[in-house]
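**Q** Build me a structure from this.
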Amino acid sequence: MMRISALLMVCMTTLLAGCATPTPYDYSAFRESNPRSILVLPPVNRTLDTKASYSFLSQVTYPLAESGYYVLPVAVVDETFRENGMVNPEDIHGLTLDKLQTVFGADAALYITINQYGTSYQLIASDTRVTAEASLVDMRSGQLLWKGAATASSTEQGSNSGGGLVGILVQALVDQIANSITDRSYQIAGITSTRLLSADMPNGVLHGPRSPKYVRQ
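**A** Below is the predicted model of the structure:
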């Protein structure tokens, strides 16, 4: 009985820890900086899918603009880097803030790293997953204003309609083919970018000056 009670206590502790409210983010530096414009650098791709960086980059403007910021056009920024011989995101992330500020003149720079992108196939499941992390840095002072991470997966809305083991295996194969044909990763990347860069998400970026929810602190 004592062992059972101890096991139950461990389970309850784990459950409560998993349900704990996230620690509120310290936005003091963010509020003091009060950025109005953001330069989004090409994301560093830590995955094997060569499409990940620009697939994700193409979807970051919307959540940031909806959050109240002016986002320098990513196509123009990318072309500017290419004209100056900069095509590797890791090299671009290594540029000094002074140089970036001189060329683009934005208030803050957003650094993104993609850690997961693509579809994986297991025995009884097919999962398309995109995970990314980001840091917002004041281009004038070099101070970190905010950082966060987000994940989205195709299995979040998945359901087992029955059919036994054979049915599950067939469904997993169908999902794998469908995800590959329709480039499901691009769709999931859109969800991830919204979760990562929307001001309405817990511990997300603050609402910017162009948002009706903006509050100057």
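**Q** immediately after the helix or strand bottoming out on mean pLDDT in the chain, which helix or strand?
**A** When the helices and strands of the chain are scored by mean pLDDT, DSSP states H and E, helix 2-18 comes last with a mean of 43. The C-terminal neighbour of helix 2-18 among helices and strands, as given by DSSP states H and E, is helix 28-33.
**Q** Can you tell me the strand partners of the following helix or strand past that next one and which way each runs?
**A** Going down the chain from helix 28-33, the next helix or strand is strand 37-40, by DSSP H and E. According to DSSP bridges, strand 37-40 forms sheet pairs with strand 70-71 (parallel), strand 108-121 (parallel).
**Q** Which pLDDT value belongs to the nearest residue to Asp200 once chain neighbours are set aside?
**A** Spatial nearest neighbour of Asp200, chain neighbours left out: Ser67 (7.8 Å); criterion: Cβ to Cβ, 6 or more residues apart in numbering. For glycine as for every other residue, the C-beta is placed from the backbone atoms N, C-alpha and C. Model confidence at Ser67, given as pLDDT, is 97.
**Q** you'd agree Ser67 is up against Met201?
**A** No. Contact criterion Cβ atoms under 8 Å: Ser67 and Met201 do not qualify, at 9.5 Å.
**Q** of these two, who's got more company?
**A** Legend: neighbour count by other Cβ atoms under 10 Å for Ser67 and Met201, higher for Ser67 (23 against 15).
**Q** still on that earlier bit, could you single out the most deeply buried of the strands paired with strand 37-40?
**A** Comparing these by mean neighbour count (mean count of other Cβ atoms under 10 Å), strand 108-121 comes out on top with a mean of 20.
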